[in-house]
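In: what would the 3D arrangement of this be:
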Amino acid sequence: MCPSSYPRRLLLEPHDDPRLAALLPAFSIIDPDRRGDPDALEKAWGVPLPPSFRGLIERIDGGSLRGRGGVLELWSTRSNLALWREDYRAFKSTPGARVVFFASDGGGSEFFFDVDDWYGCGRYAVLLADRGSDVTERVAPSFYAALERIVSGPPRNYERDILRRPRPPDSERE
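Out: Purely as a prediction, here's the structure:
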């Protein structure tokens, strides 16, 4: 569970053009001319996306963000939908514990939105799940805050960021 001091934000963080414009130069974009399709992702996953995430996907379709706080490898719409269709990681559900995976850290962990606040950090908080264990870390209470943390820091810290609550049963591929 997230500590009570962990900042919580709105359920679906609003899109903010100046905030996104400040973050975009930090991205290495796969194809600058290609745009993502947030409507296709919403339809496949059956959950609304945060307007902040939609705003980014409408501008770019996959890319890398590297900074003092780590790495975020944003999956393209096509990759994300392929993962979802293959029942890989894009969306898994347990009653009351829906999560939506959207990126990796370039290593063995994947970023996800906690749609239903199962981890106690707020609905649509951004968390990081280790593929090889039940370790889940809190990243930020919202999507833009997660991107800002990756760009500026602080870096991940296991002792500070680890969540003691295990992943929901059956929420991951077996």
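In: who are the packing partners of whatever helix or strand F53 lives in?
Out: Per DSSP states H and E, F53 falls inside helix 51-59. When contacts are defined as 3 or more CB pairs under 8 Å, 6 or more residues apart in numbering; DSSP states H and E, helix 51-59 sits against helix 17-23, helix 38-45, helix 143-152. Where C-beta positions appear, they are placed from N, C-alpha and C, glycine not excepted.
In: run the chain-centre distance for it.
Out: A distance of 12 Å separates the centroid of the chain from that of helix 51-59, by CA atoms, centre = their mean, to the nearest Å.
In: what angle separates it from helix 143-152?
Out: 70 degrees (axes from the mean of the first three to the mean of the last three CA atoms, to 10 degrees).
In: and the angle from helix 51-59 to helix 38-45?
Out: With the same axes, to 10 degrees applied, the angle from helix 51-59 to helix 38-45 works out at 120 degrees.
In: so how far is V126 from the residue located most distally from the centre of the chain?
Out: Within the chain, the residue lying farthest from the chain centre (CA atoms, centre = their mean) is D33, at 23.0 Å. Per CB to CB, to the nearest Å, D33 is found 27 Å from V126.
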